[in-house]
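Asker: Fold the following for me, if possible:
(one chain, ligands or ions: 1)
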Amino acid sequence: MGESEQAYVQNAFDTNWIAPLGPHVQEFEEAIESYNGVKSALALNSGTGAIHLAMDLLDVGPGDHVLVQSFTFCGTVNPVIYRGAQAVFIDSERDTWNMDPEALQRAIDDLEDQGKLSSIKAILPVHLYGMPAKMDELMTIAKSYNIPIVEDAAESLGSSYKGKMTGSFGRMGVYSFNGNKIITTSGGGALVSDDQELIDRAFHLSTQARDEAPHYQHSKVGYNYRLSNVLAGIGCGQMKVLDERVGQRRANFDRYIRFFSDWKAKGFRFDVQEQSEDTFCNRWLSALLVDPKDNGGLTRENLRIGMAEDNIECRPLWKPMHMQPVFREVPFYTAEGKVQDGNGKASVCGDLFEKGLCLPSGSNLSSEDWQRIETKLDELLSKALD
Ligand SMILES: *Cc1c(COP(=O)(O)O)cnc(C)c1O
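Answerer: Okay, the predicted model is just below:
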């Protein structure tokens, strides 16, 4: 937390605005709009809920297809399933670890061959770990088929591509303020768009689709997805420290780069570099690739367990959705085409999952924390490389 969050919460109590509406909700929405350069933002109680609303607004339903990045958290894809639609998973490319435009094209071609082009209702790329996806290429493909893009920018608040904030490219964009994100309202999200009419409809749906009438009347099934004024107050305070948090996360990443370059071992890599001045990444999490072939046999699991010995938590990267038991029937496309063999381990994101490890990445790592982390890493690396 920064310095002003508690004052906002106190103000909500003092003014008795303890409801899923109020002045902090409005201020938070305006802060999201101006920071991201979008016309309209709707504060919600989760990022998953924001994606759910986006799917409803695009009329995604049974018989429809939504093309989703496989390398992500389940919150990206679950709303597609809630709507009764068919998800189709798309592999990542190496530069950004995000949706591979070639694999996307393969999936579209395949559905077109089956006469199902018009059933593709949305494309859902993710800016994973804060790294902007290749939006130019993805937008070109989406535009040529007139398929709307919904950007999952849950992890990339503060990241930009060619000077434009992530989440502001697609028909709609989604942010998350869950406890693990770069800034947080403990739980929360937002749906943004330059189309005010879409956000107006999202507002209606998010408040149980209540019609204008003195009594409670409904012509549609809605949702209870609005954000509390108390939590929006936390969000107002957090928006003021967002750039500072981005700076802290980027400093973490730079420090890890320096640490591992001192070791000069090939088996430890940070593949996701900023491609050019076109890309600015918030470095939400610092993720390392550990390749046992080039580092004396140390796997990412060896490293994770080794760090855990000293109570230092590291985590594997997101397990791709196409490898999840719950989604084993969902089709999956790589740049080579549709994967037939079931588990789809031979894919870019399957390989990243096998080798990748998220290192401690908090905005508030102290010099004592760093000393513990680097001492333990030194110990584990020297053991493996000797
Ligand atoms: C956190 C996250 C979400 C979901 O956000 P919630 O606010 O937790 O519902 C969606 N997609 C990605 C990639 C995320 O990291």
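
Asker: Please list all residues in contact with whatever residue of the stretch 201-350 of the chain ends up closest to the ligand.
Answerer: The ligand sits closest to residue 318 of the stretch 201-350 of the chain, with a gap of 7.6 Å, by Cβ to the nearest ligand atom. Every residue, glycine included, has its C-beta placed from N, CA and C. Contacts of residue 318 were listed using Cβ atoms under 8 Å, 6 or more residues apart in numbering, and they are 71, 72, 73, 128, 353.

Asker: Among those, which pair sits farthest apart?
Answerer: Greatest spacing in the contacts of residue 318, by Cβ to Cβ: 73 and 353 (12.6 Å).

Asker: So which bits of this structure are right by the ligand?
Answerer: Residues of the chain lying near the ligand by Cβ under 6 Å from any ligand atom: 46-48, 72-73, 75-76, 126, 152, 154-155, 176, 178, 189.

Asker: can these go into JSON lines with extra columns for secondary structure, neighbour count and pLDDT?
Answerer: Formatted as JSON lines, the residues of the chain next to the ligand follow (DSSP: H, G, I helix; E, B strand; the rest coil; neighbours: other Cβ atoms under 10 Å; pLDDT from 0 to 100):
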{"residue": "46", "secondary structure": "coil", "neighbour count": "20", "pLDDT": "98"}
{"residue": "47", "secondary structure": "helix", "neighbour count": "27", "pLDDT": "98"}
{"residue": "48", "secondary structure": "helix", "neighbour count": "23", "pLDDT": "98"}
{"residue": "72", "secondary structure": "coil", "neighbour count": "26", "pLDDT": "98"}
{"residue": "73", "secondary structure": "coil", "neighbour count": "20", "pLDDT": "98"}
{"residue": "75", "secondary structure": "coil", "neighbour count": "21", "pLDDT": "98"}
{"residue": "76", "secondary structure": "coil", "neighbour count": "27", "pLDDT": "98"}
{"residue": "126", "secondary structure": "strand", "neighbour count": "29", "pLDDT": "98"}
{"residue": "152", "secondary structure": "strand", "neighbour count": "32", "pLDDT": "98"}
{"residue": "154", "secondary structure": "coil", "neighbour count": "30", "pLDDT": "98"}
{"residue": "155", "secondary structure": "coil", "neighbour count": "26", "pLDDT": "98"}
{"residue": "176", "secondary structure": "strand", "neighbour count": "30", "pLDDT": "98"}
{"residue": "178", "secondary structure": "coil", "neighbour count": "18", "pLDDT": "98"}
{"residue": "189", "secondary structure": "strand", "neighbour count": "27", "pLDDT": "98"}
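
Asker: Quickly note the distance from residue 346 to residue 91.
Answerer: To residue 91, residue 346 is 10 Å away according to Cβ to Cβ, to the nearest Å.

Asker: who touches both of those two?
Answerer: Common contacts of residue 346 and residue 91 (Cβ under 8 Å, 6+ apart): residue 334.

Asker: Who has more neighbours out of the two?
Answerer: Ranked by neighbour count (other Cβ atoms under 10 Å), residue 346 and residue 91 place residue 91 first, with 27 against 11.

Asker: List the contacts of the nearest residue to residue 196 once chain neighbours are set aside.
Answerer: Using Cβ to Cβ, 6 or more residues apart in numbering and skipping the chain neighbours, the partner closest in space to residue 196 is residue 40 (5.0 Å). Listed by Cβ under 8 Å, 6+ apart, the contact set of residue 40 reads 33, 192, 193, 194, 195, 196, 198, 199.

Asker: would you say the second one is within a strand?
Answerer: Same thing as residue 192. Yes: per DSSP: H, G, I helix; E, B strand; the rest coil, residue 192 lies within a strand segment.

Asker: need the longest helix for the chain.
Answerer: helix 229-263 (DSSP state H).

Asker: for that helix, packing partners?
Answerer: Under the contact criterion of 3 or more Cβ pairs under 8 Å, 6 or more residues apart in numbering; DSSP states H and E, helix 229-263 touches helix 5-14, helix 23-36, helix 367-385.

Asker: Quick check: which of these is buried the most?
Answerer: Across the helices and strands packed on helix 229-263, the average number of neighbours (mean count of other Cβ atoms under 10 Å) peaks for helix 23-36, which reaches a mean of 19.

Asker: which residues are contacting that helix?
Answerer: Applying Cβ under 8 Å, 6+ apart, the contact partners of helix 23-36 are 8, 11-12, 15, 17, 38-43, 157, 165, 167-168, 173, 175, 190, 192, 226-227, 229-230, 232-233, 235-236, 239, 242.

Asker: Which pLDDT value goes with residue 264?
Answerer: With respect to pLDDT, residue 264 scores 69.

Asker: can you redo the helices and strands packed on helix 229-263 as TSV with mean pLDDT?
Answerer: Shown next, in TSV, are the helices and strands packed on helix 229-263 (pLDDT from 0 to 100):
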stretch	mean pLDDT
helix 5-14	98
helix 23-36	98
helix 367-385	94
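
Asker: Throw those into a markdown table and include distance to residue 279, thanks.
Answerer: Output for the helices and strands packed on helix 229-263, formatted as a markdown table (distance: least, Cβ to Cβ, whole Å):
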| stretch | distance to residue 279 |
| --- | --- |
| helix 5-14 | 30 |
| helix 23-36 | 16 |
| helix 367-385 | 26 |
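
Asker: still on that earlier bit, report the buried members of the contacts of helix 23-36.
Answerer: For the contacts of helix 23-36, a neighbour count by 16 or more other Cβ atoms under 10 Å gives the buried set as 8, 11-12, 17, 38, 40-43, 157, 165, 167-168, 173, 175, 190, 192, 226-227, 229-230, 232-233, 235-236, 239, 242.
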